[in-house]
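**Q** Attaching a predicted model along with its sequence, questions to come.
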Amino acid sequence: MGSDGLIELDQSCWSALAKYNLVLATVFAVLLLVVRELNPAQAHLFLLIENGVLALLFGGIQTYCWISR
């Protein structure tokens, strides 16, 4: 399929990462919309936290794929 620069990842791993990323981004987008409706003043803080969590979770899954290969 291609390389990420460190390890050759197969098609199934890239597919799993893409599906995981799509689900996670969708969940966070829905949560942000809920927070904006309930408490608009806190939406910017939630967005910062959300981006940090998204980066950590996706980075963790990607690292797991690299290690488990």
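**A** Looks like it arrived, so ask away.
**Q** So, low pLDDT: which residues of the chain?
**A** 1-9, 69 (pLDDT under 70).
**Q** quick one, strands of it?
**A** 2-3, 8-9 (DSSP state E).
**Q** Verify the stated contact: residue 42 with residue 35.
**A** Yes. The criterion here is CB atoms under 8 Å, and residue 42 meets it with residue 35 at 6.3 Å. The way it works is simple: take the backbone N, C-alpha and C, and place the C-beta from them, glycine included.
**Q** What are the boundaries of the helices in this protein?
**A** Using DSSP state H, the helices of the chain run over 11-38, 43-68.
**Q** any chance of those in JSON lines, plus mean neighbour count?
**A** Formatted as JSON lines, the helices of the chain follow (neighbours: other CB atoms under 10 Å):
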{"stretch": "helix 11-38", "mean neighbour count": "12"}
{"stretch": "helix 43-68", "mean neighbour count": "12"}
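**Q** What does residue 39 show for phi and psi?
**A** phi -150, psi 80 (degrees, to the nearest 10).
**Q** What distance do you get for it to residue 12?
**A** Going from residue 39 to residue 12 by CB to CB, to the nearest Å gives 41 Å.
**Q** Likewise for residue 68?
**A** Distance of residue 68 to residue 12, computed by CB to CB: 12 Å.
**Q** and if you look at residue 24?
**A** Residue 24 sits 18 Å away from residue 12, going by CB to CB.
**Q** Tell me who's in contact with residue 31.
**A** 46, 50 (CB atoms under 8 Å, 6 or more residues apart in numbering).
**Q** brain fart, residue 53
**A** The contact partners of residue 53, by CB under 8 Å, 6+ apart, come to residue 28.
**Q** cool, residue 25 as well?
**A** Residue 25 touches residue 54, counting by CB under 8 Å, 6+ apart.
**Q** begin at 53 from here
**A** All set: I'll call the first residue 53, so the last point we hit is now residue 77.
**Q** ok, and the closest non-adjacent residue to residue 68?
**A** Using CB to CB, 6 or more residues apart in numbering and skipping the chain neighbours, the partner closest in space to residue 68 is residue 117 (7.5 Å).
**Q** Could you report the separation of residue 73 from residue 103?
**A** As judged by CB to CB, residue 73 and residue 103 stand 14 Å apart.
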